[in-house]
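Engineer: below: sequence and its predicted model.
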Amino acid sequence: MKKSRGRTGRKRRRKHLQSFMDGVNSSHKMEYIKLKKWLKDRGFEDSNLRLAQFWDTGRGLMTTKALQAGDLIISLPEKCLLTTGTVLSSCLGEYIMKWKPPVSPLIALCTFLIAEKHAGEKSLWKPYLDVLPKTYTCPVCLEHDVVSLLPQPLRKKAQEQRMMVHELHMSSKAFFSSLQPLFAENTGTIFNYSALEWAWCTINTRTIYMKHSQRECFSLEPDVYALAPYLDLLNHSPNVQVKAAFNEQTRSYEIWTNSQCKKYEEVFICYGPHDNQRLLLEYGFVTMNNPHSSVYVSSDTLLKYFPPRDKQRNAKIAILKDHDFLENLTFGWDGPSWRLLTALKLLSLGADEFTCWRRALLGDVISVRNEQQTLNITAKICHFLMEETQHVLLQISQLKSNKENLKKQLALVEALRLEDLKILQKSAEILCDLNMATT
């Protein structure tokens, strides 16, 4: 009989499975040993956090002791933070201070990251740069074929994000050229578009909010960024609460937990009450069973169910636009949002009810017919979005088998769309119950 079939074997298997669920310790890897030493030299006291690889979230930090509400998770000294102050203290400082018109704090940080990455072994920030992601999955980095599979409202924002980063690169070329005396290689090669895209994503996805006083050498855009080595390995969960701020007394950036965390579990922080579309747009990931998640209804989808022959159609659309009821119309885990139902209620007003539009915007019951039509059209929109989502999921499945190089990006959009489908299915159930209650 094999030993593994006995009680000891079962315990060993359970222990192995639990260690995988909790996370595999990665702190022995050379790049993380060097990072911890680098941080220690800057005054960071080793906390109870260990770097680990988790099956569901990837790289993150686990705690080696149980955490209670009110416990300090991490305290990172000011010397460890990368801010515009760091940039101005470097060789880039004199070039930034004399450049007109002034560069933005964001461009200053992007420039520093690109320059330090180019410096390689000579960079004082190399231990930190070595653990930063090589690639990102923000929409600006996604292939066109993948962006086309995003929900329409997010697709539009993704295109705007790409345009913004392109414009940022184009408008900064002259400034990058002014740095030529610092480099043997051509600045056009060093500060190319892909380098700026990487630096922009690093700052957009990994910085903490830290307000700095306005400096004349920068443009008037808010200087609120700080990169926080090691601290930025803490992953997001919508189900935890933390308190985070720079402590003026200790001159450290501190995070305190308002939640419990068991020993050897992953420690999470909350980036904010964001839905999955916002998380993907800003950070390049989604979370499953996100309580804040919503499926957005575009104005095009909203209006396709109302006939052009309605003489008051244009007036209704104008009212919705004037009162900001053509944006943020959603389905959530609890069904259609009040805003969506209100917009549909106004669009469903009969010719003899149009004078009641103000009451409709307040959510008042106008008539039984109006209520029923509103629910019917809401259900139609919900089913249309469900069919569209299922069609896109089929496209993703086919692309995953054909385009190996896009698997990671496709998996991200697939996760978003699967969550959307669950929300729409839940909303369809709620609408069915509402329809039954009103008939």
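Structural biologist: Nice, thanks for sending it over.
Engineer: where do the helices of the stretch 251-400 of the chain begin and end?
Structural biologist: Listed in chain order, the helices found in the stretch 251-400 of the chain under DSSP state H, counting those that start in this stretch are 276-283, 299-303, 313-322, 338-347, 357-361, 368-402.
Engineer: TSV please, covering those helices and showing distance to Q214.
Structural biologist: Using the backbone N, CA and C atoms, a C-beta is placed for each residue, glycine as well. Conversion of these to TSV gives the following (distance: least, Cβ to Cβ, whole Å):
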stretch	distance to Q214
helix 276-283	24
helix 299-303	38
helix 313-322	36
helix 338-347	37
helix 357-361	41
helix 368-402	45
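Engineer: could those be laid out in JSON lines, adding mean pLDDT and distance to P238?
Structural biologist: Formatted as JSON lines, the helices of the stretch 251-400 of the chain follow (pLDDT from 0 to 100; distance: least, Cβ to Cβ, whole Å):
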{"stretch": "helix 276-283", "mean pLDDT": "96", "distance to P238": "9"}
{"stretch": "helix 299-303", "mean pLDDT": "91", "distance to P238": "26"}
{"stretch": "helix 313-322", "mean pLDDT": "94", "distance to P238": "30"}
{"stretch": "helix 338-347", "mean pLDDT": "96", "distance to P238": "21"}
{"stretch": "helix 357-361", "mean pLDDT": "94", "distance to P238": "31"}
{"stretch": "helix 368-402", "mean pLDDT": "95", "distance to P238": "21"}
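Engineer: right, and these - which one's nearest G43?
Structural biologist: helix 276-283 (28.6 Å; Cβ to Cβ).
Engineer: state the number of residues packed around the closest residue in space to K211 that isn't next to it in sequence.
Structural biologist: Beyond its immediate neighbours in the sequence, the residue positioned closest to K211 (Cβ to Cβ, 6 or more residues apart in numbering) is V224, lying 5.3 Å away. For V224, the tally of surrounding residues (other Cβ atoms under 10 Å) stands at 15.
Engineer: before we move on, back to that, now for the helices of the stretch 251-400 of the chain, which one comes closest to H292?
Structural biologist: Taking Cβ to Cβ, helix 276-283 is the member of these nearest to H292, at 8.0 Å.
Engineer: quick one, which of the helices of the stretch 251-400 of the chain is nearest to L424?
Structural biologist: Per Cβ to Cβ, nearest to L424 of these: helix 368-402, 4.6 Å.
Engineer: circling back: put together CSV for the helices of the stretch 251-400 of the chain, with mean neighbour count on each row.
Structural biologist: Converted to CSV, these look like this (neighbours: other Cβ atoms under 10 Å):
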stretch, mean neighbour count
helix 276-283, 21
helix 299-303, 15
helix 313-322, 15
helix 338-347, 22
helix 357-361, 17
helix 368-402, 16
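Engineer: among those helices, which is nearest G60?
Structural biologist: Distances from G60 to each of the helices of the stretch 251-400 of the chain were compared using Cβ to Cβ; the shortest belongs to helix 276-283, at 13.8 Å.
Engineer: strands of the stretch 201-350 of the chain, residue ranges please.
Structural biologist: For the stretch 201-350 of the chain, the strands defined by DSSP state E, counting those that start in this stretch occupy 207-209, 225-227, 235-236, 242-247, 252-257, 268-269, 295-296, 330-332, 335-336.
Engineer: got JSON lines for those, with distance to R417 and mean pLDDT too?
Structural biologist: Rendered in JSON lines, the data for those read as follows (distance: least, Cβ to Cβ, whole Å; pLDDT from 0 to 100):
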{"stretch": "strand 207-209", "distance to R417": "29", "mean pLDDT": "94"}
{"stretch": "strand 225-227", "distance to R417": "32", "mean pLDDT": "97"}
{"stretch": "strand 235-236", "distance to R417": "20", "mean pLDDT": "94"}
{"stretch": "strand 242-247", "distance to R417": "30", "mean pLDDT": "95"}
{"stretch": "strand 252-257", "distance to R417": "32", "mean pLDDT": "96"}
{"stretch": "strand 268-269", "distance to R417": "24", "mean pLDDT": "94"}
{"stretch": "strand 295-296", "distance to R417": "10", "mean pLDDT": "96"}
{"stretch": "strand 330-332", "distance to R417": "14", "mean pLDDT": "97"}
{"stretch": "strand 335-336", "distance to R417": "19", "mean pLDDT": "97"}
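Engineer: show me where the stretch 1-150 of the chain has helices.
Structural biologist: Listed in chain order, the helices of the stretch 1-150 of the chain (DSSP H, counting those that start in this stretch) span 7-22, 30-41, 84-89, 93-98, 105-119, 126-129, 144-147.
Engineer: next one: V24 from E266, what distance?
Structural biologist: Taken as Cβ to Cβ, to the nearest Å, the spacing of V24 relative to E266 amounts to 11 Å.
Engineer: sorry, that was for E31
Structural biologist: Using Cβ to Cβ, we find E31 at a distance of 20 Å from E266.
Engineer: which of the helices of the stretch 1-150 of the chain sits most buried?
Structural biologist: Stretch with highest mean neighbour count among the helices of the stretch 1-150 of the chain: helix 105-119 (a mean of 23; mean count of other Cβ atoms under 10 Å).
Engineer: off-centre distance for it?
Structural biologist: Between the mean C-alpha point of helix 105-119 and the mean C-alpha point of its chain there is a distance of 22 Å (Cα atoms, centre = their mean, to the nearest Å).
Engineer: what count of nearby residues applies to A69?
Structural biologist: Using other Cβ under 10 Å, A69 is surrounded by 11 other residues.
Engineer: can you tell me the closest non-neighbouring residue to it?
Structural biologist: N258 (5.2 Å).
Engineer: surely the one you found touches N239?
Structural biologist: No. Because the distance of 11.5 Å does not satisfy Cβ atoms under 8 Å, N258 is recorded as not touching N239.
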